[in-house]
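[1] Just the structure for this:
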Amino acid sequence: MPVNVFGARDILDRALGATAMEQRAILASLRPTAEDYARVFRSDIADLAREFYEGFWADPPAWTRRPDQTELHVWLATAGDLASGCESSARARKFPGGYGQIASMLRRTTVWAAWELRTPGAACGMYVDGLVCVEDRWIWLPKPWKILERAAVARHASVWSD
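    Residues are numbered from 1 along each chain as shown. Here you go, the predicted structure:
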């Protein structure tokens, strides 16, 4: 699968146009392997990310859209772009602000995709993120900044348990 907007768009088009059973199979193909976390996250957070996403992958949500949401907009950015922030990188502007919180913990050369489904003519629609290219394939790690929230809760709990 190419590491460009067309590769990501191909996956999204197939998944969004699929039956529920077909979509489950497509989403399953996007599940990261244990080794993928070290390819995406810095070594000091890769295990935490894997633990976080294991819960997510126990029952991943379906990608749905309303029948009138026929426009698909896809954006790509490297983790380096995301680390630069919205002020410095036009590509980062299309991603949720949470990426700024975790960008320094991502491997700088990984390519991330975010997408939006819109009704024609609408200024905004349903926004989804987290496709990331690992080697020659795409995996799905939505809302990676939530890993930091879990880590903060765990740190807070350990302070009070001592």
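[2] the strands in this protein, which residues?
    According to DSSP state E, the chain carries its strands in the segments 71-78, 111-118, 126-134, 137-140.
[3] Which residue ranges of the chain form helices?
    Assigned helices in the chain, in chain order: 5-16, 20-29, 36-40, 43-57, 79-84, 98-102, 146-161 (criterion: DSSP state H).
[4] Of all those, which one is nearest residue 121?
    Nearest to residue 121 among those is helix 5-16; the distance by Cβ to Cβ comes to 19.3 Å. Every C-beta, even on glycine, is put in place using the N, C-alpha and C of the backbone.
[5] Buried ones in that closest one, by neighbour count?
    7, 8, 9, 11, 12, 15, 16 (16 or more other Cβ atoms under 10 Å).
[6] Please tell me I have it right and the first one contacts residue 138.
    Yes: with contact taken as Cβ atoms under 8 Å, residue 7 and residue 138 are classed as touching, separated by 6.8 Å.
[7] residues near the residue nearest to residue 44 when sequence neighbours are not counted, how many?
    Computed as Cβ to Cβ, 6 or more residues apart in numbering, the closest residue to residue 44 that is not its neighbour in sequence is residue 105, at 7.9 Å. Neighbours of residue 105 under the rule other Cβ atoms under 10 Å: 21.
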